[in-house]
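Trainee: predicted model, plus sequence, below.
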2 protein chains.
Amino acid sequence: DAVLSRISLCPHKAGMDSVNKNKTDEVIRSMSEGSRFYDNERRKAAQTAQRVQVMKSRAAVLSTGALQQAEAMASAFERQLETERDLSRVIVHCDADAFYAAVELRDQPHLRGKPIGIGGIGMLSTASYEARKFGVRSAMPGYIALRLCPELILVKPRFHAYEAASRQLQAVMAQYDPNFRSVSLDEAYLDITDYMARLTPGDVAQLPPLTTVADPPLVQEANSADSKPGMATDSAGARNLTTLEGRALAARVVHQMRTRMHETTQLTVSAGIACNRMLAKIGSDQNKPDGQFCLPADRAAILAFLANMPTRKIPGIGKVTEQILRELDITNCQALLQQRALLKLLFTPISFDFFMRSALGIASNNTRKRSERKSIGHETTFRELNQVPDLEDKCLHLCHKTALDMERKALLGRSVCLKLKTVDFKVKQRSVLLPAHTADEPVIKRAALGLLHREL
Amino acid sequence: DAVLSRISLCPHKAGMDSVNKNKTDEVIRSMSEGSRFYDNERRKAAQTAQRVQVMKSRAAVLSTGALQQAEAMASAFERQLETERDLSRVIVHCDADAFYAAVELRDQPHLRGKPIGIGGIGMLSTASYEARKFGVRSAMPGYIALRLCPELILVKPRFHAYEAASRQLQAVMAQYDPNFRSVSLDEAYLDITDYMARLTPGDVAQLPPLTTVADPPLVQEANSADSKPGMATDSAGARNLTTLEGRALAARVVHQMRTRMHETTQLTVSAGIACNRMLAKIGSDQNKPDGQFCLPADRAAILAFLANMPTRKIPGIGKVTEQILRELDITNCQALLQQRALLKLLFTPISFDFFMRSALGIASNNTRKRSERKSIGHETTFRELNQVPDLEDKCLHLCHKTALDMERKALLGRSVCLKLKTVDFKVKQRSVLLPAHTADEPVIKRAALGLLHREL
DNA sequence: TCGCATAAA
DNA sequence: TACTTTTATGCGA
DNA sequence: ACCCACACC
DNA sequence: TACTGGTGTGGGT
Ligand SMILES: Nc1ncnc2c1ncn2[C@H]1C[C@H](O)[C@@H](COP(=O)(O)OP(=O)(O)OP(=O)(O)O)O1
Ligand SMILES: Nc1ncnc2c1ncn2[C@H]1C[C@H](O)[C@@H](COP(=O)(O)OP(=O)(O)OP(=O)(O)O)O1
Ligand SMILES: [Mg+2]
Ligand SMILES: [Mg+2]
């Protein structure tokens, strides 16, 4: 049912083969049921159901005329989007495998071969692939994970080690694109178009051969199209990176980069190669762990790749949106395109735009670092507290940590936001705009305490 | 079903009013299900079902003649038992209320009013009455108790404190019967017949009045039978303790004793007064907590008292026997009597004897201390261990503790018994007879290790 | 005598 | 993850 | 500007 | 008893 789609594990995440989903779901449900957390999940599921209800009734009264008109507009919009399609760049998304867990297995050899989870009894950040066989996942409470996998070993996170490993990975990536965009400790986008253009024939000769690259179907296409493997320059010596040969070369480059990352960190990294960020990101998940995937720079190939792609795989579509779309009988990208008129009428322009681009495989290929951060803060969850002074203490401590970080990073803020979570997992947010930008701890503290007292 | 009767809380234990049994059972079941413990419970339930199966098929083929003959023998046996019925003694069973918990609430005043459980996350020895409202019970794992009662406070046991309290209680009881039989730290049997016979009129005058005694129905009978309350001597000045007046006087004596126990320990003790141990024991549970119950020394009253008494209340009938009897449509003592022929044919002579005596309210009234102990030992449960040396260490340590106890108590033993529990809660037992009685630690250790190695 | 099941606090 | 510890009795092989 | 819901790692 | 912490986006008001 609806709440199940919230609490059960996502069926098309990496490594779901060989996991007994029914059994796992049942364990999760039975351990969650009756808890305040579960009550809250049901509340949220009901809320989603309500949203769906509204949408469906709006859909029910749509006139044929309105739908025809929307269809025309959507069609025109798609043609417009097609003019934006850019197949010229070679975008790579790198994503380390079970990152925190892999670092721990590397640093604590006695744990190798055993299932581990990073975190504590309350919450796991991630789990080793060994543990994932049992259904253990990121964002799963440790006590449920232990029920799924009694042999699971809980390992406390060592963030400094992950940061160090991250820096090592980034050093390798910088060799291929000094302007790579890191999006988290373990993943980054690169544009290797320029790097590939600069490759000399000598460089190319040093690349690993295509036969060792781990994405057979597309590789075979590339090989069959050009019977002379490894030859990827045209008659003028300038490479056309949109051809299958060009992408095959990209695959060799990425394979070399992944090999170097593994050599320097003993960590495995998976990668996706495509002509924009979204497709590259989907690709990096395709052959996890320790695999890569290369999508040709070809509209037909892209549409074929996406046709049966579950909506949930599109970055930006999470459990809720997936559920809403499912209720509209839309579970893959093909359906997204087929229902474009309905989507145009039911969703906001921004969402419609997002759905269409996603389904067509049209997205940004900008991998330059993003400008500045927009917020900074701390939060902590604790046992039920009712005494105002206790809450004040917690609040002040978080203010202190935040102000310290702001000072260290030389940041200023203009708004102070207080987040409150009750024992039944309801979240409240209260904010004030300060008269001026500041990083002054007393100012932030006064603002936060003011917000706190406003809520008694 | 069958496993439910094993894991769910006993519905007629003290303080089951106001407990939501369905909800509680559901929580227990859902938290147990899927665990190795639960698997074992199902195994045992199946075993009981098998026993029942055999019994029922034996019952099915019984000839009318066999039943008639059994009926005759049972009837004769009952008449024989009646000749043994002894109403002359005044037997008291004292049982402290929520003993460990009460000591903790006494010694840690900040815990008063709050639900507490004595033990840890793994197992509780007992729970305060406050906690019992939520379904929390003795022998319940702490983590299930916490699910039933999130406010529950777990308190580590302090056995020395309970022993000290027990000694204080016993000091009071010794005033009434120096030969009282203590059966555990918190309970004991007394025979106050002689004490009552020695009471002077002055002593009687100092006893608390009957109106404050907490067992109204029988007290009222006593009062109504004798309109002059407090007068319990016959014309000759010798008391007939089998009369209602005699028992009313006993109730006053017991009330005084309980008051003294409360004064010296700040603990409340409940008591049952009857003419044998079994009836007194059932009585002590009747008006818990801080209550007492007096059963007249009268065959009709006893049979009336027992008629609808659930079999499970009879000391010696536990979950399994209750279940077996239930399958034979026997749930109370009346049914036990009515089915006497069947019981004679299906059970062993000892069991039949026990059932008949119990249902008739005929039992031993010997409250003298029992002779010697028959065994002494230690056990400990630990996480899964597979290495032989680790198991040897555990075993040797238990031998050490046992030998030490034997020396302290100047005991000798002739048999060494090793108990093994596997991760799936199966229990094995291996024993050897020694050539001679001993308390020698090395001898015991060698014997134990030999048994251990026999099991690899 | 041994091993197991049942019962109790 | 987390279902005790100590003592006793009865039954069947 | 504020508050909430959703998403991702 | 144990369901995170840090950051960003979009929508509704
Ligand atoms: N929900 C979360 N809460 C806190 N930390 C998280 C969460 N999800 C992931 N992390 C941390 C731990 C991960 O190792 C790290 C990278 O996340 P992510 O790439 O999604 O998974 P992963 O690298 O552990 O496995 P994989 O990428 O192989 O699926 O970020
Ligand atoms: N299953 C058990 N395991 C270990 N210790 C126990 C167990 N049951 C009881 N105890 C201990 C703790 C108790 O306080 C003490 C006396 O037991 P008992 O008289 O049956 O319950 P109680 O005194 O706690 O409550 P009450 O008598 O009011 O029902 O023995
Ligand atoms: Mg990763
Ligand atoms: Mg008691």
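Mentor: Received the coordinates, thanks. Ligands and ions are numbered 1, 2, ... in the order given.

Trainee: residue contacts, the residue nearest to A:Thr268 when sequence neighbours are not counted?
Mentor: Closest residue to A:Thr268 apart from its sequence neighbours, by C-beta to C-beta, 6 or more residues apart in numbering or on different chains: A:Asp290 at 3.9 Å. Every residue, glycine included, has its C-beta placed from N, CA and C. By C-beta atoms under 8 Å, 6 or more residues apart in numbering or on different chains, the contact set of A:Asp290 is A:Asp97, A:Ala214, A:Arg258, A:Thr268, A:Val269, A:Ser270.

Trainee: beta partners for the fifth one?
Mentor: In this entry, A:Val269 is beta-bridged to A:Ala96, by DSSP bridges.

Trainee: ok, now which ones touch it?
Mentor: Taking C-beta under 8 Å, 6+ apart as the test, what A:Val269 contacts is A:Cys94, A:Asp95, A:Ala96, A:Asp97, A:Leu169, A:Arg258, A:Met261, A:His262, A:Asp290.

Trainee: which residues touch the second one?
Mentor: In this case it means A:Asp95. A:Asp186, A:Glu187, A:Val269, A:Ser270, A:Ala271, A:Lys281, A:Ser284, A:Asp285, A:Lys288.

Trainee: one step back: surely the residue nearest to A:Thr268 is in a helix?
Mentor: No. Counting by DSSP: H, G, I helix; E, B strand; the rest coil, one finds A:Asp290 to be coil, located in no helix.

Trainee: that one and A:Ala280: what is the separation?
Mentor: Distance from A:Asp290 to A:Ala280, counting by C-beta to C-beta, to the nearest Å: 17 Å.

Trainee: run through who's touching the host helix or strand of A:Glu322.
Mentor: Using DSSP states H and E, A:Glu322 maps to helix A:319-327. With C-beta under 8 Å, 6+ apart as the test, helix A:319-327 has contacts from A:2, A:5-6, A:10, A:48, A:51-52, A:55-56, A:310-312, A:317, A:331, A:335-336.

Trainee: what about it, near DNA strand F?
Mentor: No. Helix A:319-327 lies out of reach of DNA strand F by C-beta under 7 Å from any atom of the strand, never closer than 10.8 Å.

Trainee: got the CA positions of that helix in PDB?
Mentor: Provided in PDB are the C-alpha atoms of helix A:319-327 (Å, rounded to 0.1, in the frame of the first residue of the first chain):
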ATOM      1  CA  LYS A 319       9.500   8.100  -3.400                       C
ATOM      2  CA  VAL A 320       6.700  10.600  -3.400                       C
ATOM      3  CA  THR A 321       6.900  11.700  -7.000                       C
ATOM      4  CA  GLU A 322       7.300   8.200  -8.100                       C
ATOM      5  CA  GLN A 323       4.200   7.200  -6.200                       C
ATOM      6  CA  ILE A 324       2.200  10.100  -7.600                       C
ATOM      7  CA  LEU A 325       3.300   9.200 -11.100                       C
ATOM      8  CA  ARG A 326       2.500   5.600 -10.500                       C
ATOM      9  CA  GLU A 327      -1.000   6.500  -9.600                       C
END
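
Trainee: ok, the residue lying closest to A:Asp86 once chain neighbours are set aside - contacts?
Mentor: Counting by C-beta to C-beta, 6+ apart, the nearest residue to A:Asp86 once its immediate chain neighbours are dropped is A:Asn365, at 5.9 Å. By C-beta under 8 Å, 6+ apart, A:Asn365 lies in contact with A:Asp86, A:Arg89, A:Ile91, A:Asp191, A:Cys275, A:Asn276, A:Arg277.

Trainee: strands along the stretch 1-150 of chain A, start to end?
Mentor: Per DSSP state E, counting those that start in this stretch, the stretch 1-150 of chain A carries strands over the ranges A:91-96, A:116-119, A:124-127.

Trainee: I meant to write the stretch 201-350 of chain A there.
Mentor: Using DSSP E, counting those that start in this stretch, strands in the stretch 201-350 of chain A cover A:269-274, A:292-294.

Trainee: include mean pLDDT and distance to A:Leu146 when you put the ones you listed into TSV, please.
Mentor: Shown next, in TSV, are these (pLDDT from 0 to 100; distance: least, C-beta to C-beta, whole Å):
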stretch	mean pLDDT	distance to A:Leu146
strand A:269-274	98	28
strand A:292-294	97	34
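
Trainee: name the nearest residue to A:Lys56, ignoring sequence neighbours.
Mentor: Closest to A:Lys56 by C-beta to C-beta, 6+ apart is A:Glu327, at 7.0 Å.

Trainee: distance check, the one you found against ligand 4.
Mentor: 58 Å (C-beta to the ion, to the nearest Å).

Trainee: what does chain A have sitting close to DNA strand F?
Mentor: Residues of chain A lying near DNA strand F (C-beta under 7 Å from any atom of the strand): A:31-32, A:35, A:37-38, A:121-123, A:125, A:138-139, A:141, A:143-144, A:347-351, A:373-381, A:383, A:425.

Trainee: just the buried residues of those residues.
Mentor: A:Met31, A:Ser32, A:Tyr38, A:Met123, A:Ser125, A:Ser138, A:Pro141, A:Ile144, A:Phe347, A:Phe425 (16 or more other C-beta atoms under 10 Å in any protein chain shown).

Trainee: for these, give me a markdown table that also has pLDDT.
Mentor: Shown next, in a markdown table, are those (pLDDT from 0 to 100):
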| residue | pLDDT |
| --- | --- |
| A:Met31 | 94 |
| A:Ser32 | 94 |
| A:Tyr38 | 97 |
| A:Met123 | 98 |
| A:Ser125 | 98 |
| A:Ser138 | 98 |
| A:Pro141 | 98 |
| A:Ile144 | 97 |
| A:Phe347 | 98 |
| A:Phe425 | 98 |
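
Trainee: enumerate the residues of chain A near DNA strand D.
Mentor: Within chain A, the positions lying close to DNA strand D (C-beta under 7 Å from any atom of the strand) are A:Met31, A:Ile121, A:Tyr143, A:Ile144, A:Leu146, A:Arg147, A:Pro150, A:Leu152.

Trainee: just give me the closest of the residues you listed to chain B.
Mentor: Set against chain B, the nearest of the residues of chain A next to DNA strand D by C-beta to the nearest C-beta is A:Arg147 (7.3 Å).

Trainee: look up how far B:Asn22 lies from the nearest residue to A:Asn366 once chain neighbours are set aside.
Mentor: Once flanking residues are discounted, A:Asn366 sits nearest to A:Arg277: 7.6 Å by C-beta to C-beta, 6+ apart. Distance of A:Arg277 to B:Asn22, given as C-beta to C-beta: 54 Å.

Trainee: what about chain A, any weak spots by pLDDT?
Mentor: A:13-16, A:211-238 (pLDDT under 70).

Trainee: in it, what residue comes closest to ligand 4?
Mentor: Nearest to ligand 4 in chain A, going by C-beta to the ion, is A:Gly34, at a distance of 30.6 Å.

Trainee: what's near enough to touch the nearest residue to that residue once chain neighbours are set aside?
Mentor: Excluding the flanking residues, the one nearest A:Gly34 by C-beta to C-beta, 6+ apart is B:Val27, at 6.7 Å. Counting by C-beta under 8 Å, 6+ apart, B:Val27 makes contact with A:Gly34, B:Gly135, B:Ile144, B:Arg147, B:Leu148.

Trainee: that older thread, B:Ser30 is in contact with the residue of chain A closest to ligand 4, correct?
Mentor: Yes. A:Gly34 lies in contact with B:Ser30 (C-beta atoms under 8 Å); the separation is 7.3 Å.

Trainee: re the thing from before, what's the ChimeraX syntax to select whichever of the contacts of A:Asn365 are buried?
Mentor: The buried residues among the contacts of A:Asn365 can be selected in ChimeraX (16+ other C-beta under 10 Å) with this line:
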select /A:89,91,191,275,276,277
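
Trainee: circling back: quick check: the farthest pair among the contacts of helix A:319-327?
Mentor: A:Cys10 and A:Lys56 (24.4 Å; C-beta to C-beta).
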